[in-house]
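S.K.: give the three-dimensional model of this entry:
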Amino acid sequence: MRFEREHYINKLISSKHNHLIKIVTGLRRVGKSYLLFNLYKQHLLTNGVDVNHIIELQLDSFAHRKYRKAETLYEYVENLTNQDSQMYYVMIDEVQMNAKDNKDLVLRVTDPELLRKTGGIVQGMSGSPILQNGKLIGAVTHVFVNNPRKGYGIFIEDMLTK
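M.R.: Just a heads-up that it's a prediction; the model follows:
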């Protein structure tokens, strides 16, 4: 089932050329990313925006981790948008950074075998590796008390600098 989120998509569309930054906030896992990266992007493409003028960054992705630094993000976007004088759309899915508590990222256990055997993250799993696309990106630090399928992790580069 697909929810179109007409109210929210119409708010974005109606204000898209007012030269203000749009910030979509709300509870976790309610569809903010889907609204931007699927519905709004589809609207832009359908209305003639060149795909090269839509910049998507998911800062919770290991591949985009370097853009968590404001200066690096600014330089990246500035270099991409200086190509011509056309309008660019930059969509950033942000991550809540809380490295002082070793809670850089929120993770979800998806391994069916692990879920079958343990039900998720259990006591003693702190320090277990977090893999994304077969690459080590960090380690488990905490489990959600009310949901053992979810927890916090620390990125490998933060582990190496502490």
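S.K.: give me phi/psi at His17?
M.R.: Main-chain dihedrals, His17, degrees, to the nearest 10: phi -110, psi 30.
S.K.: give me the distance between it and Leu115.
M.R.: His17 sits 46 Å away from Leu115, going by Cβ to Cβ, to the nearest Å. Every residue, glycine included, has its C-beta placed from N, CA and C.
S.K.: comparing these two, which residue is more hemmed in?
M.R.: A count of neighbours by other Cβ atoms under 10 Å puts Leu115 above the other of His17 and Leu115, at 13 against 8.
S.K.: roughly how far apart are the more buried one and Arg108?
M.R.: Leu115 sits 10 Å away from Arg108, going by Cβ to Cβ.
S.K.: any residues in contact with both of these two?
M.R.: Shared contacts of Leu115 and Arg108, defined by Cβ atoms under 8 Å, 6 or more residues apart in numbering, comprise Arg149.
S.K.: now do the strands in this protein.
M.R.: Under the criterion DSSP state E, the chain carries strands at the ranges 54-58, 89-93, 105-108, 129-132, 135-144, 147-155.
S.K.: list the buried residues in the longest one.
M.R.: By neighbour count, and taking 16 or more other Cβ atoms under 10 Å as the criterion, the buried residues in strand 135-144 are Ile137, Gly138, Ala139, Val140, Thr141, His142, Val143.
S.K.: now render the residues you listed as a markdown table, adding pLDDT and distance to Arg65.
M.R.: What follows is these, written out as a markdown table (pLDDT from 0 to 100; distance: Cβ to Cβ, whole Å):
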| residue | pLDDT | distance to Arg65 |
| --- | --- | --- |
| Ile137 | 85 | 8 |
| Gly138 | 86 | 10 |
| Ala139 | 88 | 15 |
| Val140 | 88 | 17 |
| Thr141 | 87 | 17 |
| His142 | 85 | 20 |
| Val143 | 85 | 23 |
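S.K.: check those residues and tell me the two furthest apart.
M.R.: Farthest pair in the buried residues of strand 135-144 (Cβ to Cβ) is Ile137 and Val143. Separation: 18.1 Å.
S.K.: longest helix anywhere in this structure?
M.R.: Counting residues, the longest helix found in the chain (DSSP state H) is helix 70-81.
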